[in-house]
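[1] only geometry, no sequence info:
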């Protein structure tokens, strides 16, 4: 265990020594929650900035570069502005559901964040059904979108929410099945174990052809699940104004907005964990320094995030029926075939291991 | 959900939604009353009048020189071609002989205006189908043209460069070289447009077979410009009633027969190439001579009726003047392309999805001040 990671151990020992067990575990939980809230906020704000800078790069403009060094504080300033904004609403809206919706979205992404192995031992919640938990938790978010759309008393919001419902339910199948393909290879759902398996080669190499197919399906359906272009039917600003969050303002809007970026991060982090060996360095070059695992994890995730942003700023949007056709007629059958191929591969022991 | 505007033939599964007057896809203050069943459009009723400024009535008050600058505010994206239409009509009525130089410059600026309008349309078209980056690419190239116009006549959008009898100023000394630079630049950019949007498979899926308009319908709805030509209706005023220097140049009329959104899109892309070729043919031989022939300070048209049509970036613009011999027209009527093109929206959008409506509307290339006047 390295020095940085032993700090957490020291704090743990100190807490349990200084107070009764129930209080210690409570304090520890709160501390961990705060750390993850911090990660959540910083990652969200940073990703918004990254998206804006990358969009600017694609679009031959400069993007935000005035507030702070290279615009690093721009999103912070935006968030402060949103904090000071009035929270508006519509007449005859279902106020309870309307107010509840942002929390569903944000809580689902926060919970999903907790299971990622950022590096060795840096994982808040290592349960044996980690992957399953991720899929389950990340699908709670759609409830928030549906509630927001329904509670707003706005037809544009409702259309957006309904589109979101139909889209997320469809694409969840593909997300789940493509991850299941990889589980066939690892034989475990626990994320730390999945990383352990990859010490003899990243899964995308181990599983070669079916793994690459699964990765592509996962990225496509992951983009769809996070409601990003080219699958941003939910917002589709040229069709629906702002979609499900048309009636939200101030911090409630910011929750939706941040959650969208965190969800993108989560999808990319899952892909990193399952396909690209999470915090493992390429060819084990920095295996002796586990702290660098965070760097590798983030690097891989950010490359995938960049890929998703590349999609967004290049592709036109699909139509809702084409979106469903893509899932039900192409991705799903392909996925089922792929599972069989992977099963055969594992059975005949044709995987590549170093 | 409560509906405030319930129609008598309203079925319970259908609902009503207001698209506009403030909506990103209507590009202005067009209000569409949509009747929708789920995602499927059942009825589209355009509701106009949000930007009506009674330009035609104002024309009855103003002198002919003043009328020209009102036309800038109709279809502001092809402002220069609108100016030209009024000037040509007045010149026709006065039976003036316009110098060759003026004709050539008018044609060049007109075609550049068309390119600039199509650039903006292309950017916005991409944005409407969800590809936001196109917007900036289109504007990047349009900016170069605006700079050229600014140098020549001081204005970038509403140029008011034509006056009855010629042009307000001579071209700027840099004009020829800068236009040539633009031609070389833009020839590399249209293929870039194709790579980014035209060849994209999602874009094909979104546009092919969507919003199909048959040739017969195009004619009966009075469609003109790229909308009519996308349906195989050969209606280019520049070919059939050449004005200014258009009879001297050799160009092809861009025509597609499919009649769908993609056909209208392709026609406009093709038109950019044709306009470039027209400019290229003329730019090297701008004849020497006067840029304007003097007119009386107060122009009075002889009693009678005069009509002139031109091809704007959106289609056929007709100017119909009834004069009683006074300093302003007794009645002036603009036949604007956008109005007839909008009228067929309900015909081609019904049965499609909301996304189809937006894509279709983008290729109709509506400019609302042109429709409302």
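    The structure has been received and is ready for your questions. Source: prediction; values computed, not measured.
[2] and stretch B:357-373 with chain A, contact?
    Yes: applying CB under 8 Å from any CB of the partner chain, one finds that stretch B:357-373 is in contact with chain A at residue B:358. Backbone N, C-alpha and C define where each C-beta goes, glycine included.
[3] on the three-state scheme, whatever residue of chain B ends up closest to chain A is what?
    In chain B, the residue that lies nearest chain A is residue B:130 (2.6 Å; CB to the nearest CB). Look at residue B:130: counting by DSSP: H, G, I helix; E, B strand; the rest coil, its state is coil.
[4] residue B:351: how many residues sit nearby?
    Around residue B:351 there are 10 other residues, counting by other CB atoms under 10 Å in any protein chain shown.
[5] quick check: the residue of chain B closest to chain A vs residue B:13, distance?
    28 Å (CB to CB, to the nearest Å).
[6] give me the neighbour count for the closest residue to residue A:28 other than its chain neighbours.
    Of all residues not flanking residue A:28 in the chain, residue A:15 sits nearest, at 5.8 Å (CB to CB, 6 or more residues apart in numbering or on different chains). Using other CB under 10 Å, residue A:15 has 17 neighbouring residues.
[7] what does the one 5 residues further on give?
    Using other CB under 10 Å as the criterion, residue A:20 is surrounded by 9 other residues.
[8] kindly report the same for residue B:333.
    Neighbours of residue B:333 under the rule other CB under 10 Å: 15.
[9] do the one 10 residues further on as well
    Neighbouring residues of residue B:343 were enumerated by other CB under 10 Å; the total is 14.
[10] what's the pLDDT at it?
    Predicted confidence (pLDDT) for residue B:343: 88.
[11] list the contacts for the closest residue to residue B:208 other than its chain neighbours?
    Closest residue to residue B:208 apart from its sequence neighbours, by CB to CB, 6+ apart: residue B:262 at 4.7 Å. Residue B:262 makes contact with B:204, B:207-208, B:210, according to CB atoms under 8 Å, 6 or more residues apart in numbering or on different chains.
[12] possible to save these as TSV with distance to residue B:249 and secondary structure?
    Formatted as TSV, the contacts of residue B:262 follow (distance: CB to CB, whole Å; DSSP: H, G, I helix; E, B strand; the rest coil):
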residue	distance to residue B:249	secondary structure
B:204	33	helix
B:207	30	helix
B:208	32	coil
B:210	34	coil
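[13] so what's residue B:358 closest to, chain neighbours aside?
    Counting by CB to CB, 6+ apart, the nearest residue to residue B:358 once its immediate chain neighbours are dropped is residue B:25, at 4.5 Å.
[14] ok, now which ones touch the one you found?
    Residue B:25 neighbours (CB under 8 Å, 6+ apart): A:238-239, B:19, B:128, B:358, B:361-362.
[15] residue B:212 belongs to a helix, doesn't it?
    No: going by three-state DSSP, the assignment for residue B:212 is coil, not a helix.
[16] surely it and residue B:259 touch.
    Yes: taking contacts as CB atoms under 8 Å, residue B:212 lies within contact range of residue B:259: 5.1 Å.
[17] more crowded one of these two?
    Shown here are residue B:212 and residue B:259; by other CB under 10 Å, residue B:259 has more neighbours (23 against 17).
[18] in strands, which of the contacts of residue B:25 appear?
    Those of the contacts of residue B:25 mapping onto strands are residue B:19, per DSSP state E.
[19] among the contacts of residue B:25, who's most crowded?
    residue A:239 (31 neighbours).
[20] now it: how far from residue A:221?
    22 Å.
[21] what's the closest non-adjacent residue to the residue of chain B closest to chain A?
    residue A:317 (2.6 Å).
[22] how confident was the prediction at residue B:271?
    In this model, residue B:271 is scored at 90, pLDDT.
[23] that one touches residue B:253, doesn't it?
    No: with contact defined as CB under 8 Å, residue B:271 does not reach residue B:253; the gap is 9.0 Å.
[24] compare those two (neighbour count), which wins?
    When residue B:271 and residue B:253 are compared for neighbours, residue B:271 comes out ahead with 25 against 16, by other CB under 10 Å.
[25] distance between whichever strand or helix holds residue A:27 and the chain's centre?
    For residue A:27, the host element (DSSP states H and E) is helix A:21-58. In terms of CA atoms, centre = their mean, to the nearest Å, the centre of helix A:21-58 is set 12 Å apart from its chain centre.
[26] now stretch B:178-193
    How far stretch B:178-193 lies from its chain's middle: 21 Å, per CA atoms, centre = their mean.
[27] and for stretch B:122-132?
    Computed by CA atoms, centre = their mean, the separation of stretch B:122-132 from the middle of its chain amounts to 18 Å.
[28] and the strands in chain B, which stretches?
    Assigned by DSSP E, chain B shows strands spanning B:15-19, B:31-37, B:40-47, B:162-163, B:166-167, B:304-311, B:316-323, B:331-335.
[29] can you put those strands in CSV and add distance to residue A:27?
    Output for those, formatted as CSV (distance: least, CB to CB, whole Å):
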stretch, distance to residue A:27
strand B:15-19, 52
strand B:31-37, 54
strand B:40-47, 57
strand B:162-163, 79
strand B:166-167, 81
strand B:304-311, 77
strand B:316-323, 76
strand B:331-335, 76
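[30] adding mean pLDDT, write those out as a markdown table.
    Listed next are these as a markdown table, based on pLDDT from 0 to 100:
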| stretch | mean pLDDT |
| --- | --- |
| strand B:15-19 | 84 |
| strand B:31-37 | 87 |
| strand B:40-47 | 87 |
| strand B:162-163 | 87 |
| strand B:166-167 | 86 |
| strand B:304-311 | 89 |
| strand B:316-323 | 90 |
| strand B:331-335 | 89 |
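[31] okay if I get the ones you listed as CSV plus distance to chain A?
    Formatted as CSV, the strands of chain B follow (distance: least, CB to the nearest CB, whole Å):
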stretch, distance to chain A
strand B:15-19, 5
strand B:31-37, 8
strand B:40-47, 10
strand B:162-163, 33
strand B:166-167, 34
strand B:304-311, 28
strand B:316-323, 27
strand B:331-335, 29
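[32] and those strands: which comes nearest residue B:346?
    strand B:40-47 (4.4 Å; CB to CB).
[33] go through the closest one and flag the buried ones.
    By neighbour count on 16 or more other CB atoms under 10 Å in any protein chain shown, the buried set for strand B:40-47 is B:41-44, B:46.
[34] near chain A, which residues of the stretch 51-200 of chain B show up?
    B:126-133, B:135-137, B:140, B:196-197, B:200.
[35] which bits of the stretch 251-354 of chain A sit near chain B?
    For the stretch 251-354 of chain A, the residues in contact with chain B (CB under 8 Å from any CB) are A:313-322.
[36] of all these, which two lie farthest apart?
    The span of those, defined through CB to CB, is set by A:313 and A:321 at 24.3 Å.
[37] out of the two, which sits in the busier spot?
    Shown here are residue A:313 and residue A:321; by other CB under 10 Å, residue A:313 has more neighbours (18 against 13).
[38] wait, that one sits on residue B:135?
    No: using CB under 8 Å as the test, residue A:313 is too far from residue B:135 to be in contact (10.9 Å).
[39] residues of chain A that sit close to chain B?
    A:55, A:58-61, A:92, A:153, A:155-156, A:158-159, A:229-230, A:232, A:236-241, A:313-322.
[40] tell me the pLDDT at the spatially closest residue to residue A:90 that is not a sequence neighbour?
    Nearest non-adjacent residue to residue A:90, counting by CB to CB, 6+ apart: residue A:153, 4.7 Å away. pLDDT, residue A:153: 83.
[41] thanks a lot, catch you later.
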